[in-house]
Every structure is written in structure tokens, then in C-alpha cells.
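1. got a predicted structure plus its sequence, pasted below:
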Amino acid sequence: MPRGTNYGTERIDRVNSVTGLMVRQITSFPLPSLHMLYETPTFTPDGTRMILVTLRSLQRNAPWDLITCQSDGMNLIKLNSDAETGASNCCLSADGAHALYMEGATAYRSRLDNAEVDEIGRVDGADHHPYYRGARTPDGRWYFALVRRGSRLAVVRFDLKTGDATIVVEADGVNHPKANPGGSEIRYGLKHRDEGGIRQRTVYIDADSLEEIDVSIPAPTPPTAHATWLGESGNWVGTLKPPGHAVVLLDRERNRVETIAEGPYFWHCGASRDGKWVIADTNWPDDGLWLINVATKRRERLCYAGASQGHPQMTHAHPNLNDDGSMAVFTSDRTGVTQVFTVGIPDELRARLTGNSTD
């Protein structure tokens, strides 16, 4: 289907039988769909729109199409073209007016309201890499993406003002590029293969200078299974590996680890932009999605994701929040096909967790 096609709505609403909250299935066409994971914003800053990806056809290694819709699930609109590569390296612009993505080695910017597109720039001598998430600095200046150069992967930085593309690094593998929502840090993992075997390391760079920087993150025991930035705070939040059963704040300024929730086995977590709220999924067993107030350390279950949570990444819930923590998004294959879901978080629930409730 061409760019700008409006698929209408596929939403299905159900009330969670345990919490009483309304859970909305945003996508329901029988093709796998994903939100932007727990470390990349799915919702625009004003919370009115969201982006997601959906497989173009039901076959292995099918290309991704980039979709935007209203946060209530209305008006699913395709943003990319019918290029064979599909879309990759998707993320929102800083103001939420556009989606950034790549087709092949060319970067594009599409408006969410009307799907109008303009070319940002391209990388000579590079090919498409089907990693579906990109990264963008909070000042809106730089866009980071992955491309393939021969047998290797490369991190490329696009200047969103001029379109200039700069190869940052090449490696045999690059893992999870992500941007600090409150600063100029970009983080990714690198994998190199040589006669000595496989070498891996985590790299932080300054988005402006592209120079590697020393970053000290407090190390909990046991270590984190998954972690990401705590919104714009500059700190990190993560879930512990077994036998740990906790969500921890990794306070860089004070160089300390602070437990903000414990109980079930928390697996992945995301944070609101202001760093006041964290959402975490659970596994072994699924004990639901939990909203946590960072300051009071109070938590409350929102719903059960019902995801199978096996080895394939698309079977994980990977929950995240909108900017102010009033809506959560997650992925679940509970229908038999991976789909995107949201759950609205009532003001009174958040009041209970902040201690401002009159109940």
C-alpha cells in the first residue's frame, strides 16, 4: 500500500478482570506489530499520537512498515513507501511532528499528520539494515541509525539540519543504540570478531563531538538484566537478574544503587520523560505490568500482558510510558499474533502512588 494509506482503526477494548482498567488493543490485523520497545518513545510529547511498526507480509524476514495513529487507536496511517527494504531505524522527531526512518541507505522524515515526506540524507556505499528502532538526541539536532557496509554494521549520524551523514564506527555487530533523553550521550554495544574470538564492549559517545566518553554507572549485585535511562534525570533504572527480584535506581550523581520496587521477578522497565514513573513487566510467572512511583516507591498493578515471553523478542511485553506517565504501551502475542496494546492510567491511581489520594 502507498504512503499515506489510512487503515482506519483496528482497536479492541477489554476491561482487565483483575484491576478493572481498560486495556486497548491498538493493532489486530493478523500480522505482527511492535511498539518502540522500552527505551525509545512510542508516544509524541503531547501524548496525542504514537508510532509503531508492522510486518508487511506474513513471512520470515519480511520488511517493516512504519505506522502512526492517534493514541486512542484511530486512523492508522502508513508513513513509509513501498520500497522493498521497508522502514528501519524508526523514531520520533524531538517535537513529535515527524517520524524519522530509513529505507535502504537513505534517511527520511515524514509528517505524522499528513504523511508528507522529505529526504534527510543518504550514506554512500551502504545498504539497508532491518533494525526497526533509531535514536535521536533531545535537542533534535542528530539522528543515529544503523546501516550495513559489506559484512559489517555501521553507526551513522545524520545532521537533521543539513542532512550530512557521518560514519561513527563499524563493527561486526552493534547492539541497542539509544539516546539519553536528557543529554548528549549515545550508548550502544559493539561486537568484534578476530582470531582470539568475540570481543564485546559497551560504548558511550558524545553526540556532538562523536568522541567516546567515560560514563560510570553504579553496578548492582546481582547485575541488571535490562536497564535504560530514567527519563531526563541522567540516572538509570533497571531490573535485576535472578536471583534478584527488584527494580533499581542507578544513581550516577551519588554513585549508589537504590531499590524502588521488589517482589515478583521484574524483567524489563521503561520510564516517563520526567523520571517520576517507571513501568515494569514480570516473568516466571507473569505477575502483570506494574506502575512504580520513583519517589514514594509505591507500586500498583495495571494489567496482565499475557505475552508468552519466550526467546523471540517479539514475544516480550517491553512496556513503556508516555511523557507524563498517564498511558502505558506494551506488546503481547496473547492473541496468537504479536500486537500493540495500551492501558490508560487514571489520575486517581497515580494519586494513590504519590500519596495525594483522598481514599
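-> The structure has been received and is ready for your questions. Numbers count the residues shown, from 1 in each chain.
2. residue 12 and residue 25 touch, don't they?
-> Yes - in this structure residue 12 lies within contact range of residue 25 using CB atoms under 8 Å: 4.1 Å. C-beta: built from backbone N, CA, C; applies to glycine.
3. these two - which one has more neighbours?
-> residue 25 (18 against 15; other CB atoms under 10 Å).
4. so which strand or helix has the nearest residue to residue 127 once chain neighbours are set aside?
-> Spatial nearest neighbour of residue 127, excluding adjacent residues (CB to CB, 6 or more residues apart in numbering): residue 148 at 4.5 Å. For residue 148, the element it lies in under DSSP states H and E is strand 142-149.
5. centre of the chain to that strand, how far?
-> 17 Å (CA atoms, centre = their mean, to the nearest Å).
6. going forward, the N-terminal residue is numbered 34.
-> Sure thing, new numbering starts at 34, so read that last one as strand 175-182.
7. report all helices and strands that that strand contacts.
-> strand 121-125, strand 131-136, strand 168-169, strand 185-192, strand 198-204, strand 206-212 (3 or more CB pairs under 8 Å, 6 or more residues apart in numbering; DSSP states H and E).
8. the helices in this structure, which residues?
-> 380-387 (DSSP state H).
9. so where's the stretch 184-333 of the chain uncertain?
-> Within the stretch 184-333 of the chain, no stretch has pLDDT under 70.
10. give me the neighbour count for the residue nearest to residue 160.
-> Neighbours of residue 181 using other CB under 10 Å come to 17.
11. again with residue 164
-> Residue 164, neighbours per other CB under 10 Å, totals 20.
12. re the thing from before, got the angle between the strand holding residue 181 and strand 131-136?
-> Calculated by axes from the mean of the first three to the mean of the last three CA atoms, to 10 degrees, strand 175-182 forms an angle of 10 degrees with strand 131-136.
13. just the angle between strand 175-182 and strand 121-125, please?
-> Using the same axes, to 10 degrees: strand 175-182 against strand 121-125 is 170 degrees.
14. what are the contacting residues of strand 175-182?
-> Outside strand 175-182, the residues that touch it by CB atoms under 8 Å, 6 or more residues apart in numbering are 121-122, 124, 133, 135, 138, 140, 153, 156, 158-162, 164, 167-169, 186-193, 200-201, 203, 207, 210, 212, 219, 240-241.
15. what ranges do the strands span in the stretch 34-183 of the chain?
-> 45-48, 55-58, 66-67, 82-88, 97-103, 110-111, 121-125, 131-136, 139-144, 150-155, 168-169, 175-182 (DSSP state E, counting those that start in this stretch).
16. just put the helices and strands packed on strand 175-182 in JSON lines and tack on distance to residue 353.
-> Below are the helices and strands packed on strand 175-182 laid out as JSON lines (distance: least, CB to CB, whole Å):
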{"stretch": "strand 121-125", "distance to residue 353": "12"}
{"stretch": "strand 131-136", "distance to residue 353": "16"}
{"stretch": "strand 168-169", "distance to residue 353": "15"}
{"stretch": "strand 185-192", "distance to residue 353": "23"}
{"stretch": "strand 198-204", "distance to residue 353": "26"}
{"stretch": "strand 206-212", "distance to residue 353": "12"}
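17. and of the ones you listed, who's closest to residue 109?
-> Nearest to residue 109, of all the helices and strands packed on strand 175-182, is strand 131-136, at 13.3 Å by CB to CB.
18. follow-up on the earlier one: report the buried members of the contacts of strand 175-182.
-> Neighbour counting over those (16 or more other CB atoms under 10 Å) leaves 121-122, 124, 133, 135, 138, 140, 153, 156, 159, 161-162, 164, 167-169, 186-191, 193, 200-201, 203, 207, 210, 212, 219, 240 as the buried ones.
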